[in-house]
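S.K.: what follows is a predicted structure for the sequence shown.
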Amino acid sequence: MATRIRLQRHGRKNYAFYSIVAAHAQAPRDGRFIEKIGTYNPNTDPATIDLNFERALYWVLVGAQPTDTVRNILSEEGVYLKKHLLGGVKKGAFDEATADAKFEAWKKEKEAKAQKTADKKAADKAANKKARLEAEKKVNEAVAAKIAEKKAAAAAALAEAEAPAAEEAPAEA
């Protein structure tokens, strides 16, 4: 029985999210499956992946073939690195403690890189917001200057119109 690890589509039109499942190769995409091992939501930034690591590793070790997208997801989560390290332990290249240490070091490096990217994105967002605020202040100042200029012109015109009327009124009296 050929087993595949693939995505099972859920959600509505133009807003899909997926379950990561192990299923028989002949089963329909959204049909029967053997086991659900996680979820994948590409609608968030960055994409949200919730994966049962142990079960995903088990299915990869027993020979289940992932689709291209699922292979990328499993690789990003470290399933294939762990498989590679377990292969090294099996061959006697190093012991299991060394493999675990290498995997933990990779995981920490990945988390640090993700945190750095998130911090950079937040800083860019804050700088963009500050730049837009400054641009809006300049526009508001320009509009306020135009309004003040119009009010001054209107006040001068009103004063000019009242001055001749005031000069004529005392002459008649």
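M.R.: Thanks, I have the structure now. Bear in mind that the values here come from a model prediction, so they are computed numbers and not experimental data.
S.K.: now the helix or strand where residue 54 lies, how far from the centre of its chain.
M.R.: Residue 54 belongs to helix 53-61 when assigned by DSSP states H and E. Here helix 53-61 is found 27 Å from its chain centre; the criterion is C-alpha atoms, centre = their mean, to the nearest Å.
S.K.: assign a three-state SS to the most centrally placed residue in the chain, would you?
M.R.: Among the residues of the chain, the one closest to the centroid is residue 45, at 1.3 Å (C-alpha atoms, centre = their mean). Recorded secondary structure, residue 45: coil (DSSP: H, G, I helix; E, B strand; the rest coil).
S.K.: per-residue pLDDT of it, please?
M.R.: For residue 45, the pLDDT comes out at 84.
S.K.: kindly report the same for the one 5 residues further on.
M.R.: You'll see residue 50 listed with a pLDDT of 95.
S.K.: and residue 156, by the same measure?
M.R.: 88.
S.K.: tell me how far it lies from residue 143.
M.R.: Distance of residue 156 to residue 143, given as C-beta to C-beta, to the nearest Å: 20 Å. For the C-beta atoms, the positions are set from N, CA and C on the backbone; glycine is no exception.
S.K.: and for residue 40?
M.R.: 48 Å.
S.K.: what's the answer for residue 16, then?
M.R.: Residue 16 is 45 Å from residue 143, by C-beta to C-beta.
S.K.: what of residue 162?
M.R.: Counting by C-beta to C-beta - residue 162 and residue 143 are separated by 28 Å.
S.K.: buried ones in the helix holding residue 54?
M.R.: 56-57, 59-60 (16 or more other C-beta atoms under 10 Å).
S.K.: pull the most distant pair out of those.
M.R.: Spatial extent of the buried residues of helix 53-61 (C-beta to C-beta) is set by the pair 57 and 59 at 7.5 Å.
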